[in-house]
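Peer 1: give the three-dimensional model of this entry:
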Amino acid sequence: MTAASDKHGDKYGQIVGPTEVRFQRLLPGPVEMVWAFLTDSRKRGEWLASGPMDLKPGGKARLSFKHADLSPNKAPAPEKYRNLDAKGHESDHEIIQVEPPRLLAMTWPRNSEVTFELTPQGDHVLLTVTHRRLASRDDMIDVSGGWHSHLDILVERANGRVPPAFWTVFGDLEEEYDRRYPKG
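Peer 2: I've put the predicted structure just below:
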């Protein structure tokens with residue numbers, strides 16, 4: 001997917017390897033503002049998860065996910081996520097690579113890895129998120145629904161708008177990714 005296709009509404013992630021998916025979003029610049037959305041706990045907590053992050057290779061990060069708090073608008077979580085949503089959840093990560101303000105790579109649960117790449121494009125910044133080392137198609141579907149929703153909320157926040165409730169954005173994305181991603 002290119003920045004141009006993103007402008008036309010193609011926001012779905014793509015399988016780019018046997019164990020990886022990629023998402024792109026075009027955000028308002030400058031690149032330092034978008035970098036802050038990745039690295040500053042408060043700003044990251046507006047669209048993904050808050051928590052400390054030691055920005056050096058080998059540094060630790062602890063992310064606290066509270067989907068219900070990503071917007072003042074509220075919607076109930078799907079049944080399979082109700083318990084998780086009610087309490088929130090935390091995960092521990094390790095920073096793999098950091099090149100401010102262009103690249104951040106870190107471990108992710110279930111032995112996978114996530115890379116955030118920022119590419120200035122005029123007054124905008126192309127954010128590319130690649131999630132690697134996913135063990136199965138089911139894992140690809142699971143993370144794709146989440147990344148898609150979180151990135152849509154980031155787009156709203158970066159543009160100074162109040163996002164809809166996380167679970168409203170999430171909607172039927174898992175089912176859509178199940179249809180989009182080839183079986184077998």
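Peer 1: kindly list the longest helix within the protein.
Peer 2: If you go by DSSP state H, the chain has its longest helix at helix 137-158.
Peer 1: check which residues of it are buried.
Peer 2: For helix 137-158, burial by neighbour count (16 or more other CB atoms under 10 Å) applies to 137, 139-141, 143-158. In this view, the C-beta of every residue, glycine as well, is placed from N, C-alpha and C.
Peer 1: what does the next helix or strand after that helix rub up against?
Peer 2: Going down the chain from helix 137-158, the next helix or strand is helix 166-170, by DSSP states H and E. By CB atoms under 8 Å, 6 or more residues apart in numbering, the residues outside helix 166-170 that reach it are 67-68, 70-71, 73, 75-78, 81, 85, 145-146, 148-150, 152-153, 163.
Peer 1: so where do the helices sit in this protein?
Peer 2: So, for the chain - with DSSP H - the helices run 3-7, 31-39, 41-44, 82-87, 137-158, 166-170, 173-180.
Peer 1: distance to residue 102 and mean pLDDT added to those, as JSON lines?
Peer 2: Rendered in JSON lines, the data for the helices of the chain read as follows (distance: least, CB to CB, whole Å; pLDDT from 0 to 100):
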{"stretch": "helix 3-7", "distance to residue 102": "16", "mean pLDDT": "36"}
{"stretch": "helix 31-39", "distance to residue 102": "7", "mean pLDDT": "98"}
{"stretch": "helix 41-44", "distance to residue 102": "17", "mean pLDDT": "98"}
{"stretch": "helix 82-87", "distance to residue 102": "32", "mean pLDDT": "80"}
{"stretch": "helix 137-158", "distance to residue 102": "17", "mean pLDDT": "97"}
{"stretch": "helix 166-170", "distance to residue 102": "27", "mean pLDDT": "95"}
{"stretch": "helix 173-180", "distance to residue 102": "28", "mean pLDDT": "95"}
